[in-house]
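# below is the sequence, then the predicted model.
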Amino acid sequence: MVVQELEFSEKRRHFYENQYRVSVEIDRWHAYAQEVVHSTTRKWVLASNRDKAPRILNAGSGGSDYGIALPMVHLDLVAARIDGIPNAIVGDVDSIPTSGNMFDIILCVGSVLNYSNPIATIREFYRVLKPGGTLILEYERSGSPDYWLQHGLSAPCVRTTTFYGKVSTQLWAYGDQFIDNLLNNNNFKRLNELRFHGISSAALAVTKSPRLSSYFTVADHYLANLWPIRHLASNRILAVEKLAH
């Protein structure tokens, strides 16, 4: 088990060093995902902190600030991704090298959670977030139709193979109840939720073409969060609040 975890960790580092790009040019499927994640993250941060200058941790940032014109600490596994950024920290999201109760907001988006240990990572987010602080978290769902034949309708936590651009990559996909239980057990309260890649996710399962499936994102703008389409969504983004014990 330890050997498998080390192997996965090494593959994750290789993926971030060599394949991962925060760019609209990567492929149309992930370009749409980045558009939704960036705009939603920016909107929720600005809406939750109108009257103060929050201390923000951008966990697994890849060097992107999502268009948020506020100071933030960038944390990333790969030094080259955050080279030259002030207050940047090289480290892993499941073992954050800072003291506790430091941040008003933590951003962990771009499916960073799917390449990490979710139990340790959410525990760490609780530790370094101030009471009343906000965590914005996004992940890829095991309920995506593309995974049904491999793992059933919605497995709690499965290791699976997917794509990024023209390369194959492995990640952990999570069920909603699994993530909700982790958040509840760590004393987080849900504030907001958005799902995306709904109908387009079903189209990808049928066509196996990211380019063709991306055309269905037009309908996703209106339908991805409605029942029953929301259960098809490949991605979910949450805003949760840290409650004091």
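Thanks, I have the structure now.
# tell me, how many residues neighbour the residue nearest to residue 159 when sequence neighbours are not counted?
Among residues not flanking residue 159 along the chain, residue 172 sits closest, at 5.5 Å (CB to CB, 6 or more residues apart in numbering). Where C-beta positions appear, they are placed from N, C-alpha and C, glycine not excepted. For residue 172, the count of nearby residues is 19 (other CB atoms under 10 Å).
# could you pull out the helices for this structure?
2-18, 28-48, 118-128, 148-151, 176-185, 199-207, 210-214, 217-223 (DSSP state H).
# want to throw the ones you listed into TSV with distance to residue 62?
Conversion of these to TSV gives the following (distance: least, CB to CB, whole Å):
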stretch	distance to residue 62
helix 2-18	8
helix 28-48	10
helix 118-128	16
helix 148-151	27
helix 176-185	21
helix 199-207	23
helix 210-214	20
helix 217-223	22
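# and residue 116, how close does it get to residue 151?
In this view, residue 116 and residue 151 are 19 Å apart by CB to CB, to the nearest Å.
# of the two, who's got more company?
Taking other CB under 10 Å, residue 116 and residue 151 do not tie; residue 116 has more neighbours (26 against 18).
# that one: what's it in contact with?
For residue 116, the contacting residues are 12, 60, 92, 93, 94, by CB atoms under 8 Å, 6 or more residues apart in numbering.
# got it, and residue 171?
Listed by CB under 8 Å, 6+ apart, the contact partners of residue 171 are 111, 114, 115, 140, 159, 160, 162.
# was I right about the second one contacting residue 179?
No. Under the criterion of CB atoms under 8 Å, residue 114 is not in contact with residue 179, lying 10.7 Å apart.
# okay, and the common contacts of the two?
In contact with both residue 114 and residue 179: residue 139, using CB under 8 Å, 6+ apart.
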